[in-house]
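[1] how does the following fold in three dimensions:
(chains A, B, C and D)
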Protein chains: 2
Amino acid sequence: MTDARLAISDVAEATGLSTHTLRYYERAGLMLAPVDRATSTHRRYSDADVAWVGFLTKLRSTGMPIAVVAEYAELVRRGEATTSDRLELLQRHRITVLAQLADVTQSLAAIDKKIAIYQEKVSE
Amino acid sequence: MTDARLAISDVAEATGLSTHTLRYYERAGLMLAPVDRATSTHRRYSDADVAWVGFLTKLRSTGMPIAVVAEYAELVRRGEATTSDRLELLQRHRITVLAQLADVTQSLAAIDKKIAIYQEKVSE
DNA sequence: GTTTGACTTAGAGCGCACTCTAAGTTCTAG
DNA sequence: CTAGAACTTAGAGTGCGCTCTAAGTCAAAC
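    Presented below is the predicted three-dimensional model:
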């Protein structure tokens, strides 16, 4: 249970987000609580903070809007009582992600067909 | 080989795009040629136009930027000589789509894990 | 023939998610 | 102790892809 107390630049490197984006997420209410400060100014991220950012990133990379992520964060902040709300939110999101995956897969199939036609033409 | 000569609103309905977006695409150089005009003002889309918009939509829905779609349209306009360029462009796009699909699928797996944990908690 | 609704244009506006700036403060290496 | 890099803030700016507006023209139904 090491608590690395990472600087923002370390978290940026670890998560692939920019320092700008990390501060933006915090302002947008995406963190569970304001990140600790070392000297009452510079941020120090705990391992839990970094893990949370990691999960946020998964929500974002599946297309969940910032506003919905913020809503989810708020539910987590409110504690155990909101478990079923969180479950529902994630399940709803899951459905949209599956639909999105199906759509992209279908479009990709059409593109693959076109590729096959071009390959046919080129092999001459 | 019916040639329906559709009005823009019909094409909007058929493709799921708005009339605004159809005009925007044309201005952005995404059509193979300016759409025909009935009375020298109102657009009349041919079946080929509609089919082309359909393929555009597949490119877009897999995340290809407008500018790249425009580039692809330009290659088609230049004719047979560009077949291998078009093939290459689509193949490159295909790689990025597959990467994107893999990324979303991985993130979804993490979300599914969370869902499972919440389901466990809720069933009490 | 007239009305009503669809169409036309150029260009402005919007929503999202960052991304950057400026001016100032703090940490760290030498 | 000092220099330079990294950090801080609030707020402005950017890029993308639409989306809408205003002012005017045209078409189809009655």
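
[2] residues of chain A that sit close to DNA strand C?
    Taking CB under 7 Å from any atom of the strand as the contact definition, chain A meets DNA strand C at A:18, A:20-21, A:23-24, A:38-39, A:41-42, A:60, A:65-67. From N, CA and C alone the C-beta is placed, and that goes for glycine too.

[3] what do you get if the cut-off is 6 Å, keeping everything else the same?
    Taking CB under 6 Å from any atom of the strand as the contact definition, chain A meets DNA strand C at A:Ser18, A:His20, A:Thr21, A:Tyr24, A:Ala38, A:Thr39, A:Thr41, A:His42, A:Arg60, A:Pro65, A:Ile66, A:Ala67.

[4] ok, which pair from those residues is furthest apart?
    The two members of the residues of chain A next to DNA strand C with the most space between them (CB to CB) are A:Thr39 and A:Pro65, at 34.4 Å.

[5] more neighbours: the two, which one.
    Neighbours around A:Thr39 and A:Pro65, counted as other CB atoms under 10 Å in any protein chain shown, are more numerous at A:Pro65. The numbers are 10 against 6.

[6] span of stretch A:21-36 from start to end?
    Across stretch A:21-36, the straight-line distance between its terminal residues is 17 Å, by CA to CA, to the nearest Å.

[7] check contacts around A:Trp52.
    Taking CB atoms under 8 Å, 6 or more residues apart in numbering or on different chains as the criterion, A:Trp52 is in contact with A:Met31, A:Leu32.

[8] that one sits in which helix or strand?
    Secondary structure from DSSP states H and E places A:Trp52 in helix A:47-61.

[9] in chain A, where's the longest helix?
    Longest among the helix segments of chain A by residue count, using DSSP state H, is helix A:83-122.

[10] and the residue of chain A closest to DNA strand C?
    Nearest to DNA strand C in chain A, going by CB to the nearest atom of the strand, is A:Thr39, at a distance of 2.1 Å.

[11] list phi and psi for that residue.
    Main-chain torsions, A:Thr39, degrees, to the nearest 10: phi -100, psi 30.

[12] distance of it relative to B:Gly54?
    Per CB to CB, to the nearest Å, A:Thr39 is found 59 Å from B:Gly54.

[13] find the nearest non-adjacent residue to the residue nearest the centre of chain A, please.
    Compute the mean C-alpha point of chain A, and by CA atoms, centre = their mean the closest residue is A:Thr57, 2.0 Å away. Of all residues not flanking A:Thr57 in the chain, A:Thr15 sits nearest, at 6.2 Å (CB to CB, 6 or more residues apart in numbering or on different chains).

[14] what's the answer for A:Gly16, then?
    Of all residues beyond its chain neighbours, the one nearest A:Gly16 is A:Thr57 (7.5 Å), with distances taken as CB to CB, 6+ apart.

[15] ok, that neighbour touching A:Ala14?
    No. Taking contacts as CB atoms under 8 Å, A:Thr57 lies outside contact range of A:Ala14: 10.6 Å.
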